[in-house]
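*Asks:* model this:
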Amino acid sequence: MPKLRVPPPKHQRLRVLIHGTIAALGKSTEDVARIWDCSNPTVLKRLREPGTITIDQLLTLGRGLGIPLEEIRNAISER
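*Replies:* Prediction:
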């Protein structure tokens with residue numbers, strides 16, 4: 001029987017980049033909330049649904065976590 005190819009979830013590369021960086025740096029959602037200047041529930045929602053993160057929020061997070069702009073750009077590209 002042929003195997004079904006399931007496409008990766010949308011925004012998977014962005015999700016991996018953000019979660020991986022947060023984990024590698026040992027940051028918490030409270031740390032991210034301080035970077036974004038928002039509440040912890042808002043951070044959890046944005047991290048659960050990376051498609052809701054605006055470009056400005058993404059750039060702010062990148063600066064706060066030290067993610068190079070090129071990595072962010074590669075993560076959000078539609079390749």
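*Asks:* Pull the number of nearby residues for Leu61.
*Replies:* 22 (other Cβ atoms under 10 Å). Yep, even glycine has a C-beta here, placed from its N, CA and C like the rest.
*Asks:* Secondary structure class of it, three-state.
*Replies:* The three-state label given to Leu61 by DSSP: H, G, I helix; E, B strand; the rest coil is helix.
*Asks:* what residues are up against it?
*Replies:* Counting by Cβ atoms under 8 Å, 6 or more residues apart in numbering, Leu61 makes contact with 18, 32, 35-36, 53, 67.
*Asks:* In the chain, where's the longest helix?
*Replies:* Of all the segments of type helix in the chain, defined by DSSP state H, the longest one is helix 12-25.
*Asks:* pLDDT (mean, whole number) over that one?
*Replies:* Averaging pLDDT along helix 12-25 gives 94.
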